[in-house]
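[1] quick check, what structure comes out for this input:
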Amino acid sequence: MSSQPQTRRPRTFRPPKYSYDFSHLTSFPRRLLFPPNSGVGRVRSFKVTPVYDITLNDVLEGKHLPPITLKDFEDYLVFEAHSAENLYFICWLRDYTAAYNTWQEAQAALPEEKRQSTNPELTVSFARARGTFFDPSSHLELNLPGELVEQLLKDTQSIASPSPDLLADVQKHVEGMLRESLMKFVVCSCKNSGRRRGAFAIAVGLAAMAVGLAPVLMSILRGENRWVRLAALFPFWFGAMTAIAGFHGVCVVIFLFGDARQLYPYELCRPMLPAIQPLAPLTLPLPATAKSDVASTSESRSSYDAGNTAKSGSLSPWGEDKSIPMSPINGQAESTAVHSSTGAKSRDSRSSDYLPETAGFIPPSYYEPSITGTSTNAHSSNGSSSAPYKFDFDTLPQPSPKRSDEDDKHWSRFLRERGVFASLTKVFSPVVTRAQWDIVMRSALLGVLVALVLGGICIAIPFKN
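    Residues are numbered from 1 along each chain as shown. From the prediction side, this is the model:
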């Protein structure tokens, strides 16, 4: 809800790349022995993938770090669940409720003869919400029972600025669907690899277990000492652990090199974040006698730079807007201009052309303002209800362009696929980091069990006569 003129939709960039670096191996013992505290409750489960109690309010208020921020959740709803309208409705309702309560408090402080029965801003906001979320012709129509929508439209038919209490039933229904999507989103975010990388990890694990059969076969066929077969225990354990972890979406190699994950297909379609030039050195005040010399030098240098710029005719990749997004590390915005790295092209032009839009009022997760000043435990406990966004109807995504059947099949297949060696990005959330640690540890324990069972069977096999 916004009465201000429409602002330019911010560009969404690809998350920063995380490279394989052998120097990261030095931190592996610390990460293995001292995992981070997730900061949230855990649901009891005997599954390999842990289940954490992440509330919808915490995600909406920006209390989590990538890859479980509000923007990441929106991406999941747009590209995976195809139900982003539920999130947009809740964001609008929260903003509408805050504005309505503020208006009611202001009206209560006025004399009765000066009070207003309607609020123009709230009236426009609700009218746009009704046409966006409850109109059958809208591409963002909510998936609600017909009787629920009819009752809402009937109750608000003669009210220009209805109370948010009239939308309580709709809010309860939408939040239920949103919480179900959130649970699936968190489980998917605990993985650090795609399906192809997971299948590759399973294949590597099975190959390692096959290598473990070498000393067993050598002992059986050549009649060597039976205890030589114990050498198969380690390949059995490592292979089982790698296969089990890969089956649950965690690649042991990626985990070994740090807290990272593979980029999603829709993230690979987005342009890379432009490089940021270092800031100009700070100049100190000079004595009065030296100012004239510096002025002449600066004048000649500026004329030289202007001539080179006119010759090159190059423009900033940002166009006239030379502002730089906030850094994913320190969350501080720089005030310099971008002069390099126009961004990498999409690996598939057709997929990039048909990439659906996301809402512009939700800040990108990898330089989100909520990262600023956040400790290792990103889960805030102060109970603040401030949201990291200001809802704006003008920045909602538009309908996806029509595409042919061939392109539709290509796009659907593209969204499900990630290369085995797709690019990585850093994981900042302690919840996801702890979840990946849990998956690896539980896979290692199951690997011990598998190794002992297979090892016992191999030792019991008699020699060949």
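[2] any idea which residue is closest to the centre of the protein?
    Relative to the mean C-alpha position of the chain, the nearest C-alpha, by CA atoms, centre = their mean, is the one of D72, at 3.1 Å.
[3] hey, where'd the helices end up in the stretch 351-465 of the chain?
    Taking DSSP state H, counting those that start in this stretch, the helices of the stretch 351-465 of the chain run over residues 405-416, 430-460.
[4] now the closest residue to the residue nearest to the centre of the chain other than its chain neighbours: how far from L233?
    Residue nearest to D72 in three dimensions, not counting chain neighbours: S365, with 5.0 Å by CB to CB, 6 or more residues apart in numbering. For the C-beta atoms, the positions are set from N, CA and C on the backbone; glycine is no exception. Relative to L233, S365 is positioned 43 Å away (CB to CB, to the nearest Å).
[5] show me what contacts G447?
    With contacts defined as CB atoms under 8 Å, 6 or more residues apart in numbering, the neighbours of G447 are 236-241, 244.
[6] which one of these sits closest to F200?
    G239 (13.5 Å; CB to CB).
[7] buried stuff in the helix or strand where that closest one lies?
    In this assignment (DSSP states H and E), G239 forms part of helix 233-247. Using 16 or more other CB atoms under 10 Å as the test for burial, helix 233-247 gives 233, 235-246.
[8] run through the strands of the chain in chain order.
    For the chain, the strands defined by DSSP state E occupy 17-18, 41-43, 51-53, 260-262, 424-426.
[9] least trustworthy helix or strand in the protein by mean pLDDT?
    Lowest by mean pLDDT, DSSP states H and E among the helices and strands of the chain is helix 288-312, with a mean of 43.
[10] wait, what's in contact with L230?
    Applying CB under 8 Å, 6+ apart, we find L230 in contact with 455, 459.
[11] T242 versus that one, what's the distance?
    From L230 across to T242, the span is 20 Å (CB to CB).
[12] quick one: distance of stretch 227-237 to the chain centre.
    Using CA atoms, centre = their mean, to the nearest Å, the mean C-alpha position of stretch 227-237 is found 41 Å from that of the whole chain.
[13] could you do stretch 444-453 as well?
    With CA atoms, centre = their mean, you get 34 Å for stretch 444-453.
[14] likewise for stretch 188-201?
    Mean-position distance between stretch 188-201 and its chain equals 16 Å (CA atoms, centre = their mean).
[15] list the buried ones in it?
    189-194, 196-198, 200-201.
[16] so what would you say the end-to-end distance of that stretch is?
    Terminal residues of stretch 188-201 are spaced 17 Å apart (CA to CA, to the nearest Å).
[17] can you tell me the average pLDDT over it?
    Stretch 188-201 carries an average pLDDT of 94.
[18] how close does the nearest residue to H24 once chain neighbours are set aside get to R30?
    Leaving aside its sequence neighbours, H24 sits nearest to G258 (CB to CB, 6+ apart; 4.4 Å). According to CB to CB, G258 and R30 sit 11 Å apart.
[19] which of these two has more residues huddled nearby?
    Legend: neighbour count by other CB atoms under 10 Å for G258 and R30, higher for G258 (21 against 9).
[20] I'd say the more buried one and T26 touch.
    No - using CB atoms under 8 Å, G258 is not in contact with T26, being 10.5 Å away.
[21] count the residues that sit near L148.
    15.
[22] need the contact list for it.
    Counted by CB under 8 Å, 6+ apart, L148 has contacts 169-170, 173.
[23] equivalent analysis for F28, please.
    Neighbours of F28 in contact, by CB under 8 Å, 6+ apart: L256.
[24] then the one 4 residues further on?
    L32 makes contact with W437 under the criterion CB under 8 Å, 6+ apart.
[25] state the pLDDT value of it.
    At L32, pLDDT is 94.
[26] quickly note the distance from it to D21.
    From L32 to D21 the distance is 18 Å (CB to CB).
[27] ok so, going back, and the two most separated of the buried residues of stretch 188-201?
    Longest span within these, CB to CB: S189 and F200, 20.5 Å.
[28] tell me how many other residues surround N86.
    N86 has 24 nearby residues by other CB under 10 Å.
[29] spit out the contact partners of it.
    77, 142, 174, 177-178, 181.
[30] on that earlier part again, how about the buried residues of stretch 188-201 in CSV, adding distance to A214?
    Below are the buried residues of stretch 188-201 laid out as CSV (distance: CB to CB, whole Å):
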residue, distance to A214
S189, 39
C190, 35
K191, 32
N192, 31
S193, 28
G194, 31
R196, 28
R197, 27
G198, 26
F200, 22
A201, 21
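[31] quick one, grab the pLDDT at the residue lying closest to L77 once chain neighbours are set aside.
    Nearest non-adjacent residue to L77, counting by CB to CB, 6+ apart: A84, 4.1 Å away. If you check A84, the pLDDT there is 95.
[32] tell me how many other residues surround A84.
    A count of nearby residues for A84, using other CB under 10 Å, gives 22.
[33] show me the shaky parts of the stretch 151-300 of the chain.
    Flagging of the stretch 151-300 of the chain using pLDDT under 70 yields the residue ranges 275-300.
[34] surely K17 touches A422?
    No - contact criterion CB under 8 Å: K17 and A422 do not qualify, at 10.8 Å.
[35] okay, those two: which has more neighbours?
    A422 (19 against 13).
[36] list the contacts for the more buried one?
    194, 197, 262-263, 268 are the contacts of A422 under CB under 8 Å, 6+ apart.
[37] return the subset of these lying in helices.
    Within the contacts of A422, residues falling in helices by DSSP state H are 197, 268.
[38] greatest separation within the contacts of A422: which pair is it?
    R197 and L268 (13.6 Å).
[39] show me whatever sits in contact with both of those two.
    With CB under 8 Å, 6+ apart, R197 and L268 have common neighbours 418, 422.
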